[in-house]
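1. structure, please.
(one chain, ligands or ions: 2)
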Amino acid sequence: MKAHSSRVGVFVRIRPTAHFSQDLIECLPDGQTVNIHHRKDSRKPQDSRKSQLSSWSFQLAGILQDVSQEELYARVCRRVVLGALDGYNGTLMCFGQTGAGKTYTMTGSTESYKQRGIIPRALQEVFQEMDKRTEHVFSVHLSYLEIYNETLVDLLSSLQDLPLSPRGMVVVEEPGRGVFIRGLSLHPVHSEEEALNLLFEGEMNRIIGSHALNRNSSRSHCIFTVHIESRSRTLSVAKYVTSKLNLVDLAGSERLGKTGSEGQMFKEAMYINKSLSFLEQAILALADRRRDHVPFRQSKLTHALKDSLGGNCNTVLVANIYGEAAQIEETLSTLRFASRMMCVRTNPAVNEHMDPAAQIKKLQKDVHMLKEELSFYNTLVNRPRIMYEPLSEAQLAEIHSQVQRYLKGSLEEISIISIRQVQAVFAQFKLAVQEQEQKVKAQLCQTFNLMEKDQSAYTAAIKEWDTRDSTEDVEALRPSSTKANTKMSRDKQSKRQGEGSPVSRKRLESASKSKLNSVQTPEREQESQEPDTESQDTQESQPPGNEPFNPDSTPSKAEAFEDFKVGRGSKINRILKENKAVLLERRSLLRQLTEEINAVKREIDCTTATIQQHETRGGQGQYLVMEGEPVLQEPDGTSLMQLRELKALYRQRYEVLRDIKAEVNYCQHLVDQCRVRLLSEFENWYKMSFLVPEEELDITIDRTLEQGEDNQWLLPDSSSSESFYNARYRTLKRRTALSFTPVQRNSSARSGQRRLPSILPVS
Ligand code: ADP
Ligand code: MG
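-> Ligands and ions are numbered 1, 2, ... in the order given. Below is the predicted model:
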C-alpha cells in the first residue's frame with residue numbers, strides 16, 4: 001500500500017479540577033487552541049512588580065477538557081488501532097508531569113469498567129475487529145516492557161516462571177524485522193480476556209516491582225505492545241502483514257529542581273530527565289527534514305521506540321496537563337514538547353512481508369498448473385509434447401551437427417521445435433563465428449607475422465601525436481569518405497615503413513626501439529624552425545626492417561600536417577594557439593565563477609533554512625505579547641540582512657558570469673574559424689605537394705582486386721589486413737612508374753629527384 005505523509009496527532013488532556021485556572025489557561029472554542037498567560041516570577045523581590053506577563057498560543061489536534069475515557073478513545077485512538085489491523089504500525093503515547101493523568105489515560109482504572117483506559121479499549125477493539133474480518137487470519141502477541149533507570153524490565157516474565165528482575169534484555173535492530181527487544185517475552189493471546197489478563201498481570205508486576213525496589217511506579221516508562229500478524233485467507237498465502245501497536249506510558253516529566261529529591265529519587269529524576277530530553281532531541285531531529293541522522297541510540301527509550309515515533313508509523317501523543325495555576329510552568333513545558341511533536345511528519349506504510357517458503361511452494365504449484373495447461377493445449381492442436389527439461393548431451397550434439405551442416409549448405413533448414421532448442425541453435429552459431437574468427441586471426445598472424453608489431457608502432461606514434469596536439473585537430477584531419485580512408489591507410493602504411501618525414505622517424509623512435517637503431521635522430525627543433533631546408537639536409541640510412549617496401553613514400557597526412565604547422569601554416573597555427581590559450585583562460589575563469597556562484601547559492605539556502613527553522617519553532621508556540629518585553633525571539637534580523645546581501649552578491653556575480661560566457665562563446669568561435677582555415681590551407685598544400693591522381697589510385701586498387709590476389713585478407717573491420725593490403729598496393733604502384741616521384745624528405749640520396757612541398761605565399 002502506498003505511504004501517505006501525515007503529521008503526528010497531538011492532543012492535550014486537562015486533568016479535571018475544581019480549581020481550574022481560567023486566567024492562565026485559556027481554551028479557545030475551536031477546540032484546538034490553548035493559550036497560556038503566565039507572569040514569570042522574578043527572583044528578586046524588588047522586581048516582582050516588574051514581572052512580565054507573557055502569552056503563548058499552542059495549536060494542536062485537539063484540546064480534551066472534561067472528556068470521558070470513551071470519548072478520548074474514540075477521538076484519539078480508534079484510527080490508530082484499526083490501522084494496526086491493516087498493517088500500519090501505531091504508537092499512542094502519554095506525556096506529562098507526574099499525577100497529570102498519564103496512567104489514567106493509558107490504563108485507566110482497573111476497578112471501574114467505565115473508566116478503563118486506552119489499553120483495555122484497544123484490546124477489545126482489536127479482538128472485536130478480528131472477529132469481523134473473516135477474510136483474514138490474525139495472530140496476536142503481547143509484550144509489556146518497563147524502562148527504569150535505563151534498565152529494561154519484562155513485566156510479563158512472571159508468566160514464564162522467570163524472576164522479575166532484569167534478564168539482560170537488549171534493544172536490537174535487524175533488517176526486515178526492525179527494532180525489537182531481545183529477551184522480552186512475547187505472549188500469544190486469542191481473546192480479549194486473555195489479553196486483559198496479561199495487562200493486569202503486568203500492572204500488578206509494575207506495582208510489586210515498585211514496592212520491592214521502593215520506587216514510585218510513575219518513575220518509569222512503560223511500553224505495552226500488541227504485535228499483530230495477518231494473512232489473507234483468499235489472496236496469496238506467501239504474503240502477510242505485520243504491525244506493532246505501542247501503548248506508551250512515559251515517566252513523569254517534571255523538572256529535576258522541582259522534585260527536590262535526594263538519593264535514589266534524585267537518581268531516578270536524573271535518568272528520567274535524561275531520557276525525556278533524548279526523546280525531545282530525537283523528536284526535534286525527526287521534525288527537521290534536512291537531518292538525516294536521528295539520535296535514537298542515546299537512550300533505551302528512544303532506541304526501543306525508534307520505529308514507533310516517526311517513520312512509517314501512525315503516531316499520537318496525549319499531553320496530560322494539570323488545570324491548576326500552581327503547575328503552570330510544568331504545563332507550559334509539556335505544551336512546548338507537544339507542539340514540537342506536532343512538527344514530526346510520518347509516512348505510514350503497511351509492513352508487507354513475503355514468506356519465502358510459502359512463495360516457493362506457490363510458484364511450484366503455478367508452474368505445475370501451467371505445464372498441465374500447455375500440454376492440454378498442445379494435445380488440442382495436435383502438437384508434439386513440449387520438453388521442459390534441459391537438453392541432453394545427445395540432443396546438444398545433434399544440434400551442433402545440424403548447425404555445421406547448415407553452415408556448409410548440406411542442410412537446408414533447421415526446424416524449430418522448442419524455445420530451448422532455438423536457444424541451443426543460436427549458441428552453436430555464436431560458437432561457430434567465434435571459432436572462425438580465431439582461425440582467421442591465427443592465419444593472418446602466421447602469414448604476416450610482423451604486421452601486428454608494425455601496427456602497434458603506428459598506434460603508438462599516432463598516440464604521441466595526439467597527445468602533443470589538440471585532439472580536435474586530429475579529429476578534423478580524420479577522413480570521412482571511403483576514398484579518404486584509403487588515402488589515410490596509405491599514409492599509415494608509409495608511416496609503418498618508418499622512413500617518412502623526420503617527424504615520423506622521431507615518433508617511431510619512441511614507438512619502436514628496433515627502428516630507433518636503424519635511423520639517425522635529426523635535430524628536431526632546428527628542423528621545425530627551418531622547414532624549407534630540412535628535407536635536403538637529412539640524408540638517411542635505409543628504412544628499417546622488411547625490405548619489399550620501397551623507401552620512397554609520401555609522408556602521411558598526419559606527418560605532413562605536423563610539418564605544415566611549423567612551416568607554411570605557422571602563422572595561422574600561431575594564431576590558433578593564441579586563441580586557444582585565451583579560450584582556455586576564459587573557460588577556467590568561467591569555471592571559477594560558477595563555483596563561486598554555487599557557493600553563494602549554498603549559503604543562501606543555508607540562511608533561508610535557518611530562517612525557516614526559526615519561523616517553524618516560533619510557530620510551535622506562537623508569540624503573543626500581552627505586556628512587557630518579548631520572551632520568544634523574533635526571526636533573527638541579522639540572518640535576514642545576510643540573506644539580502646547574499647542575494648545581491650548572487651545577482652552581481654551572475655551578471656559577470658553571463659558576460660564571461662559570451663566571451664567564451666566568442667573565443668570558441670574564433671578558435672573554430674582558425675582551425676577550419678588551418679585545415680583547409682593544409683589540404684590545399686598537401687594536395688599540391690603530394691598529389692596522387694585519384695583515378696589512378698582507384699583503377700590500381702580495382703585491378704589488384706580483380707587479380708584476386710590476397711582477396712581473402714580484405715576482411716571487413718580488419719584494419720590490420722587493410723593496412724597490409726594498402727602497403728602492397730603502394731609497392732605495386734611505385735613499381736609501375738608513377739607520373740611523379742613523391743617527396744621523401746629524409747629518404748636516401750639514391751631516390752634521386754625529390755619533390756619539396758610547394759611553399760605558397762603567405763596571405
Ligand atoms: P500519572 O500517571 O500522570 O502520574 P495518574 O494517571 O496516576 O497520573 O493520575 C493521578 C490521579 O489522578 C489518579 O488518581 C487518577 O485517577 C486521577 N486522574 C487523572 N486524570 C484523570 C481524569 N481525566 N479523570 C479522573 N481522574 C483522573
Ligand atoms: Mg503514572
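2. going forward, measure contacts between C-alpha atoms and count neighbours the same way
-> Noted.
3. looking at this, Val10 is in a helix?
-> No - using DSSP: H, G, I helix; E, B strand; the rest coil, the secondary structure at Val10 is strand, not a helix.
4. please tell me how far Thr107 sits from Glu254.
-> Going from Thr107 to Glu254 by Cα to Cα, to the nearest Å gives 21 Å.
5. equivalent analysis for Ser339, please.
-> Taken as Cα to Cα, the spacing of Ser339 relative to Glu254 amounts to 17 Å.
6. these two - which one has more neighbours?
-> When neighbours are counted by other Cα atoms under 10 Å, Ser339 comes out ahead of the other of Ser339 and Glu254, with 23 against 20.
7. the more buried one is in contact with Gln59, isn't it?
-> Yes - in this structure, Ser339 is within contact of Gln59 by Cα atoms under 8 Å, at 7.4 Å.
8. surely Ile36 touches Leu53?
-> No - taking contacts as Cα under 8 Å, Ile36 lies outside contact range of Leu53: 10.1 Å.
9. and those two? which has more neighbours close in?
-> Ile36 (24 against 17).
10. any low-confidence regions in the protein?
-> Of all residues in the chain, those with pLDDT under 70 make up the ranges 1-5, 41-51, 160-167, 209-217, 236, 255-263, 386-387, 448-554, 617-636, 691-763.
11. near ligand 2, which residues of it?
-> Contact residues of the chain with respect to ligand 2, defined by Cα under 5 Å from the ion, are listed as Thr103, Ser218.
12. remind me, longest helix of the chain?
-> Ranked by residue count and defined by DSSP state H, the top helix of the chain is helix 637-690.
13. packing partners of it?
-> Packed against helix 637-690, as judged by 3 or more Cα pairs under 8 Å, 6 or more residues apart in numbering; DSSP states H and E, are the following elements: helix 471-477, helix 557-566, helix 570-620.
14. may I see the buried residues of stretch 110-125?
-> Gln115, Arg116, Gly117, Ile118, Ile119, Pro120, Arg121, Ala122, Leu123, Gln124, Glu125 (16 or more other Cα atoms under 10 Å).
15. same deal with stretch 130-138?
-> Neighbour-count burial for stretch 130-138 flags Met130, His136, Phe138 (criterion: 16+ other Cα under 10 Å).
16. which of those lies closest to ligand 1?
-> Within these, the smallest distance to ligand 1 is 29.5 Å, found for Met130 (Cα to the nearest ligand atom).
17. which one is that closest one nearest to, not counting chain neighbours?
-> By the measure of Cα to Cα, 6 or more residues apart in numbering, the closest residue to Met130 outside its immediate chain neighbours is Phe138, 6.9 Å from it.
18. quick one: contacts of the strand or helix carrying Glu373?
-> Applying DSSP states H and E as the criterion places Glu373 in helix 356-380. In this structure, residues lying in contact with helix 356-380 by Cα atoms under 8 Å, 6 or more residues apart in numbering are Val237, Ala238, Lys239, Pro384, Arg385, Ile386.
19. equivalent analysis for stretch 298-315, please.
-> Taking Cα under 8 Å, 6+ apart as the criterion, the residues outside stretch 298-315 that touch it are 3, 8-9, 80, 83, 88-92, 147, 150-152, 171, 178-181, 221, 246, 275, 278-279, 282-283, 286, 296-297, 344-350.
20. now swap in stretch 68-80 and tell me
-> For stretch 68-80, contacts defined as Cα under 8 Å, 6+ apart pick out 11, 64, 90-92, 105, 114-118, 121-122, 314-316.
21. greatest separation within those residues: which pair is it?
-> Across the contacts of stretch 68-80, the two members that end up farthest from each other (Cα to Cα) are Lys114 and Asn314, 26.3 Å apart.
22. out of the buried residues of stretch 110-125, which is nearest to ligand 2?
-> Checking these against ligand 2 with Cα to the ion, the nearest one is Gly117 at 12.2 Å.
23. how much space between Lys577 and Leu583?
-> Here the distance between Lys577 and Leu583 works out to 10 Å (Cα to Cα).
24. tell me which of the two has more neighbours.
-> Leu583 (21 against 16).
25. now that one. Nearest residue, chain neighbours left out?
-> Once flanking residues are discounted, Leu583 sits nearest to Cys667: 5.4 Å by Cα to Cα, 6+ apart.
26. if I pick Gly409, what's in contact with it?
-> If a contact means Cα under 8 Å, 6+ apart, then Gly409 has no contacts.
27. that should have said Gln65, apologies.
-> The contact partners of Gln65, by Cα under 8 Å, 6+ apart, come to Arg13, Ile14, Arg15, Pro16.
28. burial count for Val403?
-> Around Val403 sit 22 other residues, with neighbours defined as other Cα under 10 Å.
29. would it count as being in a helix?
-> Yes - remark: Val403 belongs to a helix, assigned using three-state DSSP.
30. what about it, distance to ligand 1?
-> 84 Å (Cα to the nearest ligand atom, to the nearest Å).
31. quick check: buried residues in the strand or helix carrying Ser277?
-> Of the helices and strands defined by DSSP H and E, Ser277 is found in helix 263-287. Judged by neighbour count using 16+ other Cα under 10 Å, the buried positions of helix 263-287 are 265, 268-287.
32. what lies in contact with stretch 391-405?
-> Here stretch 391-405 has contacts from Leu411, Ile414, Arg420, Gln421, Ala424, Val425, Gln428, Phe429, using Cα under 8 Å, 6+ apart.
33. let's see that with 10 Å instead.
-> Contacting residues not belonging to stretch 391-405 are listed as 390, 406-414, 420-422, 424-429, 431-432 [Cα atoms under 10 Å, 6 or more residues apart in numbering].
34. which strand residues bridge Val241?
-> For Val241, the beta-bridge partners are Ser230, Glu352 (DSSP bridges).
35. ok, Leu186 - how many residues close by?
-> Residue neighbour count, defined by other Cα under 10 Å, stands at 17 for Leu186.
36. again with Gly637
-> Gly637 has 10 neighbouring residues, counting by other Cα under 10 Å.
37. contacts only, for it.
-> For Gly637, the contacting residues are Ile611, Leu643, taking Cα under 10 Å, 6+ apart as the criterion.
38. so how far is ligand 2 from it?
-> 44 Å (Cα to the ion, to the nearest Å).
39. for Arg297, same thing?
-> Plainly put, Arg297 is 25 Å away from ligand 2 if you go by Cα to the ion.
40. excluding its backbone neighbours, what's nearest that residue?
-> The spatially closest residue to Arg297, leaving aside those adjacent along the chain, is His303, at 4.9 Å (Cα to Cα, 6+ apart).
41. equivalent analysis for Ile118, please.
-> Nearest in space to Ile118, with sequence neighbours left out and distances taken as Cα to Cα, 6+ apart, is Met106 at 4.8 Å.
42. my read is that the one you found contacts Arg13, right?
-> No - Met106 is not in contact with Arg13 according to Cα atoms under 10 Å; the separation is 11.8 Å.
43. where do the contact lists of these two overlap?
-> Where contact means Cα under 10 Å, 6+ apart, the residues bridging Met106 and Arg13 through contact with each are Cys94, Val318.
44. OK, contacts around Glu173?
-> With contacts taken as Cα under 10 Å, 6+ apart, Glu173 has the following neighbours: Val179, Phe180, Ile181, Arg182, His303, Ala304, Lys306, Asp307.
45. how many residues are close by Gly183?
-> As a burial measure, the neighbour count of Gly183 was computed by other Cα under 10 Å and equals 16.
46. report how many residues lie close to the nearest residue to it once chain neighbours are set aside.
-> Once flanking residues are discounted, Gly183 sits nearest to Met169: 4.9 Å by Cα to Cα, 6+ apart. Met169 sits with 15 neighbouring residues when counted by other Cα under 10 Å.
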